[in-house]
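Peer 1: take a look and give me a structure for this.
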Amino acid sequence: MRWAAAVAVLVAVTGSAVASTDGIPGLEMLTNLHDTATSTLFPAGMPRFQNAYKQAQYEAPTVPENAYRGVYGWTTCQTDVLIRPDSTQQLASAIKDVKARAAKEGRPLKMRAARFEFATMNSLPCGRQPTMVTPFTVGGKTPLVVGIMMDQMNQVLHVDHAKLQLKLQAQMNLKGLIAAADANDMSIPVTAVPWWQRLTLGGIFSTASHGSGNNATSMICDWFVEVTWVDANGDIHTSVKGTEDAKALCGGIGLLGVIAEITLQMKPTTNSWFKTWYLKDDAHLAEDIEAMLKITPHLVVHWRPDLGKYTGHLQGLAPDNSKAIDNAECSVIPQMSQFTGAVTGPMLRSWQGDPFNKNAVYFTGFDTGICAGALTAAIGAPWMAKHVEGVESMYGSGLVPLYEGIAATNHAASTECGDRCAFTNKKMEATAADVEFAFEHERLPQVIADIKELIKKDLRGIPGWGAHTRCLLPGYYVFRFGVTPETYIGNAAGLKAPVYVQQQMLAARGTPGIPTRYEWVQASYEQLMLCKHEGRPHTGKNWDRTFTNPRYTAELAEAASWLVPHCRLQCYRPQQSHEPWKNVLDSVVDTASMSACILLTSTDLITEYAR
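Peer 2: Numbers count the residues shown, from 1 in each chain. Take a look at the predicted model:
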């Protein structure tokens, strides 16, 4: 009996994570072993392990005709018309055509520039937004909804070697940018881009997305030269950095027009040093962050307050004569083979799909297995790795972790992981849940203290079996740093010393209708940042509720009254004096939902920029 119990525990903790065998050696044997062991351990009438092996692989709903879906699977955008231009002139002509059609049919026109598998959770990339505005009408009329798919606009247009400038179509992704920079002996600034290479230049620019640079270059809005864009009338404009229009376009989520081309100011080819403060105790996290920022402004901190650990990733410009490690590349996004995904994905699905601990597997170790995985594969993952053919590691196929050294700057900032990313792996069947806010640096110590208190009271403080082992979804809290950006409505607009805090978690796709594990803690974090710390949510992340549902914020404020006793539902609004583009907005912006406000008050659903 002891042997059977040991086998059952082993299989429950490890093997039960495997979904369909799908031809993978050994999994069918584990399935049969699991069934035999659990039936021996738990006779009729007793709790039983739910066999995760036999769960069918999750199949996402088919994308409807004339629709497009986000890469995370949270949002599908319905349209009446999809257009796919491959040049600025085609884009301008297509906008004129759909504008003429809307006028002929007597309908308002709602256009969104996006792409297939856009990288956000909310529905701002959609022209039709039923979760934000119901019914979806304007002046009693149903709009003509147009999706502008920009995926074909991804080419290099011009290289100016003398000025070290690249002119690119705006739908080029970071992988394409890095390839173009390498081919022309140029470098991007240190850590001045987000860390996933599938993100596109136009999307990064329009949401003021960022890397990390404390009072230093940290986003494309800091180092572009000019952008070419098309307005709602189909007219083409070019705006130079520092102008009114350029400040409206950076972080402007398409309110002004569609970004078609962008010129970037590159650097000569450089290398960057990197080092790691690895799995440190978080007892003095605020002080440790300030110590790391004295070493370099280019700092990213991954933190697990539920585990009491953090890892600091530091980078800086290396001396001119420095030698880079061959084949060193950024690997910060957790990666895995399809086999590893098949083993670990159903574990996440089973754990997440059991919010009330009805599955007896929980009682074999509570959350210790998930916590260990978060420690090793999340905050324990290296920022850099060396690609070696034929080597398998827990961090990805062919990747050997690196914790200190020198690498080419172009390959030290952002990860290209294809279908090996934890949230793109077909067998893992997982998705990302990203919630980010910008706040003033001076608030950092209190933000850290409050998140720790949130974990203490809302995660571990609720009685129940295994309460002391509870941990959040795989992932981490992330701290990055910036400088006041030249943007009117980006989430760091007007902040003197912005800090970005992002709760980046990995969730199972295959549990629709079931809240993610301990989701109330994640929701309380949102309310904490919105209300107590005046956090400004990133429009390229976050849920629709963050921007539009005042009832959500009010109810959560009451539920989290211990933490936010004086929550004031205030709306951050850009200065109204900066509105030179207002005359072109009516046919671009969904006037009832695409709010320039960061948090809506009461039943106010009117944007400052488009009425």
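
Peer 1: tell me the SS of Ala283?
Peer 2: What DSSP: H, G, I helix; E, B strand; the rest coil gives for Ala283 is helix.

Peer 1: for the protein, what helix or strand is lowest in average pLDDT?
Peer 2: Of all the helices and strands that make up the chain, the one with the lowest confidence by mean pLDDT, DSSP states H and E is helix 2-13; it has a mean of 33.

Peer 1: next one, pLDDT for Lys110 please.
Peer 2: The score at Lys110 is 89. That number is its pLDDT.

Peer 1: what strands line up against the strand or helix carrying it, and which way round?
Peer 2: In this structure, Lys110 is located in strand 109-114 according to DSSP states H and E. Partners of strand 109-114 in the sheet, by DSSP bridges, are strand 144-149 (parallel).

Peer 1: now do the buried residues in the partner strand.
Peer 2: Residues of strand 144-149 classed as buried: Leu144, Val145, Val146, Gly147, Ile148, Met149 (neighbour count, 16 or more other Cβ atoms under 10 Å). No exception for glycine: its C-beta is placed from N, CA and C like everyone else's.

Peer 1: could you do stretch 416-434 as well?
Peer 2: Of the residues in stretch 416-434, those buried under the neighbour-count criterion (16+ other Cβ under 10 Å) are 416-417, 420-425, 427-434.

Peer 1: nearest to Glu486 among those residues?
Peer 2: Asp434 (24.2 Å; Cβ to Cβ).

Peer 1: give the contact list for the closest one.
Peer 2: Met121, Gln502, Gln503, Gln504, Met505, Lys541, Asn542 (Cβ atoms under 8 Å, 6 or more residues apart in numbering).

Peer 1: could those be laid out in JSON lines, adding neighbour count?
Peer 2: Rendered in JSON lines, the data for the contacts of Asp434 read as follows (neighbours: other Cβ atoms under 10 Å):
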{"residue": "Met121", "neighbour count": "22"}
{"residue": "Gln502", "neighbour count": "19"}
{"residue": "Gln503", "neighbour count": "24"}
{"residue": "Gln504", "neighbour count": "20"}
{"residue": "Met505", "neighbour count": "23"}
{"residue": "Lys541", "neighbour count": "23"}
{"residue": "Asn542", "neighbour count": "24"}
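
Peer 1: got a markdown table for these, with distance to Ala183 and secondary structure too?
Peer 2: Written out in a markdown table, the entries for those read as follows (distance: Cβ to Cβ, whole Å; DSSP: H, G, I helix; E, B strand; the rest coil):
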| residue | distance to Ala183 | secondary structure |
| --- | --- | --- |
| Met121 | 34 | coil |
| Gln502 | 32 | strand |
| Gln503 | 37 | strand |
| Gln504 | 32 | strand |
| Met505 | 36 | strand |
| Lys541 | 31 | coil |
| Asn542 | 36 | coil |
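
Peer 1: can you tell me which of those residues is nearest Lys267?
Peer 2: Nearest to Lys267 out of these is Gln502 (Cβ to Cβ; 26.3 Å).

Peer 1: mind checking pLDDT for the closest one?
Peer 2: The per-residue pLDDT of Gln502 was computed as 96.

Peer 1: how much space separates the closest residue to Arg101 other than its chain neighbours from Gly254?
Peer 2: Spatial nearest neighbour of Arg101, chain neighbours left out: Leu144 (6.6 Å); criterion: Cβ to Cβ, 6 or more residues apart in numbering. Relative to Gly254, Leu144 is positioned 17 Å away (criterion: Cβ to Cβ, to the nearest Å).

Peer 1: report how many residues lie close to Trp383.
Peer 2: By other Cβ atoms under 10 Å, 26 other residues sit near Trp383.

Peer 1: doesn't Ser272 make contact with it?
Peer 2: No: the pair Trp383 / Ser272 is not scored as a contact, 10.8 Å apart, by Cβ atoms under 8 Å.

Peer 1: any residues in contact with both of the two?
Peer 2: Gln315, Ala412.

Peer 1: where along the stretch 101-250 of the chain do the strands fall?
Peer 2: Read by DSSP state E, counting those that start in this stretch, the stretch 101-250 of the chain holds these strands, from start to end of the chain: 109-114, 144-149, 156-160, 165-169, 186-187, 224-230, 236-240.

Peer 1: please compute how far the second one lies from its chain's middle.
Peer 2: Relative to its chain's centre, strand 144-149 lies at 24 Å (Cα atoms, centre = their mean, to the nearest Å).

Peer 1: now it: mean pLDDT?
Peer 2: Strand 144-149 shows a mean pLDDT of 94 in the predicted model.

Peer 1: next: the longest one.
Peer 2: Mean per-residue pLDDT for strand 224-230: 97.

Peer 1: need the residues that contact it.
Peer 2: With contacts defined as Cβ under 8 Å, 6+ apart, strand 224-230 is touched by 88, 91-92, 95, 165, 170, 205, 236-241, 246, 249, 256-265.

Peer 1: mind doing that once more with 6 Å?
Peer 2: Where contact means Cβ atoms under 6 Å, 6 or more residues apart in numbering, the residues beyond strand 224-230 that reach it are 91-92, 236-241, 249, 257-265.

Peer 1: now stretch 474-486: buried residues?
Peer 2: Neighbour-count burial for stretch 474-486, with 16+ other Cβ under 10 Å as criterion, is recorded at Pro474, Gly475, Tyr476, Tyr477, Val478, Phe479, Arg480, Phe481, Gly482, Val483, Pro485, Glu486.
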